[in-house]
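**Student:** here is a sequence together with a model predicted from it:
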Amino acid sequence: MSEKIVLIDGHSILNRAFYGLPDLTNAEGLHTNAIYGFLTILFKTLEEENAQYLTVAFDEHAPTFRHNMYEAYKGTRKPMPQELREQVPIIRDVLEAMGVTIVSREGYEADDILGTLARKGEAAGMEVTVLSGDRDLLQLATEHVKIRIPKTRGGKTTVEDYDGRGVLEAYQLTPPQIIELKALMGDSSDNIPGIPGVGEKTATKILLEYGTIENAYAHVEEIKPNKAKESLKEHYDLAKLSKELATICTDCPLDYSFEEARLKDLFTQEAYEWFKELEFKNLLNRFENTSSKNKAEEHFQRVTDLSQADAFLSKAKKADRAGVHLLLEKGEVLGLGVALGEKEKIEAAFFPVEGFLTERYLLEQLEGICRGAGQTASLNVKEMLSRIQIEEHSRMFDGGIAAYLLNPLKSAYTYDDIAKEYLGLMVPAREDLLGKVSYKKGLEEKEEEVTVSCCYMAYVALAGIEPLTKALEETGMLSLFREMEMPLLFTLHDMEAAGIQVEGEELKEYGSRLEVRIKELESIIYQKAGEEFNINSPKQLGVILFEKMQLPGGKKTKTGYSTAADVLDKLAPDHSVVADILEYRQLTKLKSTYADGLANYIGEDGRIHSNFNQTITATGRISSTEPNLQNIPVRMELGRLIRKVFVPREGCIFLDADYSQIELRVLAHMSGDEKLIQAYSEAQDIHRMTASQVFHVPFDQVTDLQRRNAKAVNFGIVYGISSFGLSQDLSITRKEAAQYIENYFETYPKIKGFLDGLVKQGKEQGYVTTLFGRRRPVPELKSSNFMQRSFGERVAMNAPIQGTAADIIKIAMIRVNEALKERKLETKLILQVHDELLLEVYEEELEEVSRILEKEMKQAADLAVSLEIDMHTGRNWYEAK
DNA sequence: TCAATCACG
DNA sequence: ACGTACGTGATTGAT
């Protein structure tokens, strides 16, 4: 069998990968999607081709011989976006690290190098595979030279293969004729001029008839479409030039030997370091020797023996530092991981719930560690609190929260991620070890893997203390971590544990009432539409409304017609069926998400215990899940009624307090704008005051419209103002919106400077900060894409405001919760909705609690404007708001 | 698993 | 010129 060589068109494949794959960055913000895609295609090709030789060709920046022939050549080519450009030198380094031969030569393009090597290989009796995204290469195809063109669509890559025969089948032309084809039809991306008025169809027809451009010209009078005949007559010289330009050089002077290009082991130590740096975890699996095991794993053990467990755990209780992980799944305790020691000498043990190691025993031991060890670290302290009590809050260290503060943009803070980022260690993720198998199942089938995974969690928690603390210190977030986020974790746990009582029966009734009307609407809609269809399917609904019923309103989404509420709102007055659909949507939303949805979460205690997540949002807010209690309807009366089923327990009453325009007040403070600060000290109604000042009318003569507009501008400012956004919101022209904004900035001169400053800061530092030092990275500001960059600008303006407001209510929550405990009050904080706190108050405590709540909320931060709250009591959440 | 929709601040 | 308001989570239908 003859040997085989794979030749790769470097830039072309990099390009394909870049545009075919979603954006991807590593911890340093380096874009990596093109590199990743390139390597994936490379490995896949090598696997499939089973080749002995490999060479990658790159273009050089310098002009090529083609430029000398034709000055416009590649003259107007679009510049490479920065996100791609920065990846070019990296892929060359990575390939070098893998020992791959790279060829490039000034004066020639990669195509020419590939052409030359392909012919050389063929001459040496090899099979040649050329990998490129560029169809120009097809001219090289022969019996022994195969062109592979990968296509990436939506992350999936398919490859088209062409040998000489394949080209003929696909194009009806021989490979050399591909040159003629390109010369005739031109190629705008390469600035090959081509013949005006001749496209692929005509060009192919001409070539089928006459073979070459020269022969066609010899018979030019016979050429059929008159347009093509005249064009070829007139532009024959151009065609000949194009042909030369399009012809790939197959005899470039190259200093090249096949022996050097012989494939060796690609997975070198150097390459391993690169992949680690680039965070190509999937690719790292290919390293057999290097990745086999971390040294750490040599000190992992599974312990089931009681005396052995006792020995290890009593050491833990006396340790300066311990790392722990309570293995919980669906509320069931499956085991405990504990790590002890320092640096290379860390040892970790996994104790499954089994035999003498009962759940109770392990929980007691865990409590003992948290009490005894100088510092106890875990990647999820809050989760442990559902099973154990911790008195000394300040001894705990939550590595997950620390990692979140350091980069709040990540979707998860898993042990393998934290290990990679802060310990410089590649460790197998839960998924790598167990795949989709649950820990519970894993305990039976994959004992070893569960042990490793759980030990790593304890290990990373422990080993992470130092680097994470250092990083927090360096970023100025250590006190934010220690004094806000760590204490908050305990407050959130208390809220989760408290839960909120929900009247199941009444919720059911509410659902039934909705159901009646839903059924009515359903038949009315079917009748008006003239057929039955799934009203909940935007796709089907779009067809019914905009095709069958011919309602005005074109496409909007990428998949078809938009049927979103703001589109339908405009149609509703003229088409009763649209109004019915809107009502139907509203009711089914209420039923499925709230009536039925919430009912599923009512526990045996008659209460709903939502999760309050502390490490989700980019700005520092908390989020609520399973169920989300932060989006219970309130704006529409019908939905608001749901709040009547949220009730306080026997002997209690609800006390609800929400901050009045906290974000605008934060803006006033942070910007230092005297006029806005003054406005707050004078007026109850800030929107009216804004309207009065912006539109230059006396306060008490502000019209409703003016007030509404001013309110929208206020919102817009907080969101990172844009005239487009405001114009959409107010249904006015962009020009008018721009005028409003200009007036606003004139009225409050420091606001503009402040917002511009935030954007500038974001650009310079790569992040923006809240009043309390919380950071939000804004990588989008560096994007070459206008839309993304604009988004980054809005984010830079919004995050410090939204984030500072989030900080403030967090402080209030911690203090309220602590005050309640200190005074031995039974009242509990049960919900937070961004600017609102809901407390379940024992009636006899109401007066005292009201005072505490008001004081702690108002004094949570000392701003240039006062913090004001609205406070209400009620027998249910509906009444208390 | 993703896109569309809609509930909240 | 580009085409958008900021931050979330749950449900549904389509792939």
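**Tutor:** Sure thing, it's come through. All of these numbers come straight from a predicted model, not from anything done at the bench. Numbering: from 1, shown residues only, chains lettered A, B, ... in the order given.
**Student:** closest point of the stretch 201-350 of chain A to DNA strand C, which residue?
**Tutor:** Taking CB to the nearest atom of the strand, DNA strand C has its nearest neighbour within the stretch 201-350 of chain A at A:Lys330, 15.8 Å off. The C-beta positions use only the backbone N, C-alpha and C, and glycine is treated the same way.
**Student:** from A:Ala17, how far off is that residue?
**Tutor:** Separation of A:Lys330 from A:Ala17 (CB to CB, to the nearest Å) stands at 40 Å.
**Student:** quick one, which of these two is more surrounded?
**Tutor:** A:Ala17 (26 against 8; other CB atoms under 10 Å).
**Student:** now do the phi/psi pair for that one.
**Tutor:** Main-chain torsions, A:Ala17, degrees, to the nearest 10: phi -60, psi -40.
**Student:** surely it touches A:Ile41?
**Tutor:** Yes - between A:Ala17 and A:Ile41 there is a contact at 6.7 Å, judged by CB atoms under 8 Å.
**Student:** A:Arg395 touches A:Gly374, doesn't it?
**Tutor:** Yes - between A:Arg395 and A:Gly374 there is a contact at 7.0 Å, judged by CB under 8 Å.
**Student:** ok, the two, which is more surrounded?
**Tutor:** More neighbours surround A:Arg395 than the other of A:Arg395 and A:Gly374, with 16 against 10 (other CB under 10 Å).
**Student:** tell me the pLDDT of the more buried one.
**Tutor:** For A:Arg395, the pLDDT comes out at 97.
**Student:** who's in contact with it?
**Tutor:** By CB atoms under 8 Å, 6 or more residues apart in numbering, A:Arg395 lies in contact with A:370, A:373-376.
**Student:** who touches stretch A:80-100?
**Tutor:** The contact list for stretch A:80-100 (CB under 8 Å, 6+ apart) reads A:10-11, A:14-15, A:18, A:23, A:30-35, A:38-39, A:54-56, A:58, A:102, A:264-268, A:270-271, A:273-275, A:278, A:782-785.
**Student:** measure how buried A:Asp704 is and give me the count.
**Tutor:** 9.
**Student:** now do the same for it: its pLDDT.
**Tutor:** 93.
**Student:** show me the shaky parts of the stretch 301-450 of chain A.
**Tutor:** By pLDDT under 70, the stretch 301-450 of chain A contains no weakly predicted segment.
**Student:** indicate the residue of it located nearest to DNA strand C.
**Tutor:** Closest contact between the stretch 301-450 of chain A and DNA strand C, by CB to the nearest atom of the strand, is at A:Pro408 (7.4 Å).
**Student:** can you map out the helices along the stretch 401-550 of chain A?
**Tutor:** Shown for the stretch 401-550 of chain A, the helices assigned by DSSP state H, counting those that start in this stretch span residues A:415-418, A:430-434, A:439-445, A:447-474, A:478-479, A:486-498, A:504-529, A:538-542.
**Student:** skipping adjacent residues, who's closest to A:Ile37 in space?
**Tutor:** Small correction: residue A:37 is Gly, not Ile. Leaving aside its chain neighbours, A:Gly37 sits nearest to A:Ala17 (2.5 Å; criterion: CB to CB, 6 or more residues apart in numbering).
**Student:** how about the contacts made by A:Glu522?
**Tutor:** A:535, A:584.
**Student:** what's the weakest-modelled helix or strand in chain A?
**Tutor:** In chain A, no helix or strand scores lower on mean pLDDT, DSSP states H and E than helix A:288-291, which sits at a mean of 51.
**Student:** the nearest residue to A:Ala373 once chain neighbours are set aside - how many residues pack around it?
**Tutor:** On the basis of CB to CB, 6+ apart, the spatially nearest residue to A:Ala373 that is not a chain neighbour turns out to be A:Ala322, at 4.3 Å. Number of residues near A:Ala322 (other CB under 10 Å) recorded here: 27.
**Student:** which helix or strand contains A:Ala322?
**Tutor:** Using DSSP states H and E, A:Ala322 maps to strand A:321-329.
**Student:** nearest spatial neighbour of the residue of chain A positioned farthest from its centre, skipping sequence neighbours?
**Tutor:** For chain A, the residue at maximal distance from the C-alpha centroid (CA atoms, centre = their mean) is A:Glu221, at 61.1 Å. Leaving aside its chain neighbours, A:Glu221 sits nearest to A:Lys229 (7.1 Å; criterion: CB to CB, 6+ apart).
**Student:** shouldn't the one you found be in contact with A:Ile223?
**Tutor:** Yes - with contacts counted by CB under 8 Å, A:Lys229 reaches A:Ile223, the gap being 4.1 Å.
**Student:** may I ask which of the contacts of A:Arg395 has the most neighbours?
**Tutor:** For the contacts of A:Arg395, counting by other CB under 10 Å, the largest number of neighbours falls to A:Thr376: 29 neighbours.
**Student:** bridged to that one, which residues?
**Tutor:** Bridge pairing for A:Thr376 (DSSP bridges) gives the partners A:Ala322, A:Met396.
**Student:** contact partners for it?
**Tutor:** Taking CB under 8 Å, 6+ apart as the criterion, A:Thr376 is in contact with A:321-324, A:369-370, A:395-397.
**Student:** before we move on, back to that, please name the residues that touch the residue of the stretch 301-450 of chain A closest to DNA strand C.
**Tutor:** Contacts of A:Pro408 (CB under 8 Å, 6+ apart): A:615, A:617-620, A:774-777.
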